[in-house]
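Q: generate coordinates for the sequence data below:
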Amino acid sequence: MQNALINEIFSGIQGEGPYIGEKQLFIRFCDCNLDCAYCDTDYSKQNGIEYTPDELYEVVKTYPPQTISLTGGEPLLWTNFLREFLEKYSSKLGSIYLETNGTLPEELEKIVQYIDIVSMDIKLKSACGENIDHGVFDDFLSIAKNNTCSSVFSKVIFDNNINDAEINKVIKLAKRYDILVVLQPKMPLDMSPDEMEEIFNKFYSKYHNIRLIPQTHKFLNLR
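A: Purely as a prediction, here's the structure:
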């Protein structure tokens with residue numbers, strides 16, 4: 001049995017992607033396998049509390065029924081814990097929303113049967129500083145789309161440094177798996193409306209299932 005280090009558990013309002021405005025219970029796991037330049041969350045192990053699957057459920061059940069967001073950090077670093085937790089309690093929980101960096105497809109495969117919504121980042125070196133082979137995102141999306149997930153979409157955090165080669169890689173993945181791509185401007189915002197619209201149009205000229213959605217919770221001063 002694996003215990004998990006969890007940074008925080010709180011009920012809030014989803015501020016990103018197509019589920020904006022939905023009430024969700026956020027379970028923020030510690031630790032991450034990446035070190036993105038724009039990361040805005042505290043996921044250090046020093047700030048985590050250790051939970052068993054049973055202990056986590058005792059906390060979760062004190063909240064009203066709502067979608068449960070597994071976030072981080074990177075929640076798929078705790079797959080053994082999640083598999084036990086979800087095997088035991090998924091029938092008593094609401095929809096399960098996985099927010100992930102998409103670099104651990106073999107870990108997704110272990111729990112994908114319990115996941116309803118997958119929000120997978122497509123990391124761009126121009127924005128995050130990490131040089132990630134997009135083949136790993138291909139593998140990840142293949143697993144997500146070929147299983148029971150009711151909704152699979154990707155977020156792309158971008159800034160003015162985005163280039164045509166990166167845009168083409170994102171479009172290639174999006175077309176292959178017929179997914180929504182959410183363009184999310186990097187915060188703090190340093191692009192003009194015209195600049196954001198120009199980047200949006202570069203995507204839209206090649207693929208129409210695109211939305212430009214900022215982190216609305218930051219504008220509303222919500223968590």
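Q: pretty sure Glu16 is touching Val156, no?
A: No: at 11.7 Å, Glu16 does not count as touching Val156 under the criterion of CB atoms under 8 Å. C-betas here are computed from N, CA, C, even on glycine.
Q: does Cys36 belong to a helix, a strand or coil?
A: coil (DSSP: H, G, I helix; E, B strand; the rest coil).
Q: before we move on, back to that, can you work out which residues contact both of Glu16 and Val156?
A: Common contacts of Glu16 and Val156, defined by CB atoms under 8 Å, 6 or more residues apart in numbering, comprise Val182, Gln184.
Q: for the longest strand along the chain, packing partners?
A: Among the segments of the chain that qualify as a strand by DSSP state E, the longest is strand 4-13. On a contact count with 3 or more CB pairs under 8 Å, 6 or more residues apart in numbering; DSSP states H and E, strand 4-13 meets strand 23-29, strand 49-51, helix 53-60.
Q: which of these is buried the deepest?
A: Neighbour counts (mean count of other CB atoms under 10 Å) averaged over each of the helices and strands packed on strand 4-13 peak at strand 23-29, with a mean of 21.
Q: show residues contacting that strand.
A: 4-14, 41, 43, 56, 60, 63, 66-75, 77-78, 94, 97, 223.
Q: rewinding a little: Glu16 and Val156: who's more crowded?
A: Val156 (22 against 18; other CB atoms under 10 Å).
Q: the closest residue to that one other than its chain neighbours: neighbour count?
A: Leaving aside its chain neighbours, Val156 sits nearest to Ile122 (5.0 Å; criterion: CB to CB, 6 or more residues apart in numbering). As a burial measure, Ile122 scores 24 neighbours (other CB under 10 Å).
Q: same thing with Gln46?
A: Based on other CB under 10 Å, the number of other residues close to Gln46 is 8.
Q: state the distance from it to Gly73.
A: Using CB to CB, to the nearest Å, Gln46 is found at 13 Å from Gly73.
Q: what segments of the chain are strands?
A: Using DSSP E, the strands of the chain run over residues 4-13, 23-29, 49-51, 67-71, 96-100, 117-121, 151-158, 180-185, 210-212.
Q: from the contact counts, what lies against the last one?
A: I take that to be strand 210-212. Short answer (3+ CB pairs under 8 Å, 6+ apart): strand 210-212 packs on strand 180-185, helix 193-204.
Q: among those, which is the most enclosed?
A: With a mean of 20, the top stretch among those by mean neighbour count (mean count of other CB under 10 Å) is strand 180-185.
Q: send me that one as CSV with only the CA atoms.
A: Extracted in CSV, the C-alpha atoms of strand 180-185 (Å, rounded to 0.1, in the frame of the first residue of the first chain):
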residue,chain,number,x,y,z
LEU,A,180,-10.6,20.3,-27.8
VAL,A,181,-7.5,22.4,-27.4
VAL,A,182,-7.6,25.2,-24.8
LEU,A,183,-5.1,27.9,-25.4
GLN,A,184,-4.2,29.4,-22.0
PRO,A,185,-2.1,32.6,-21.9
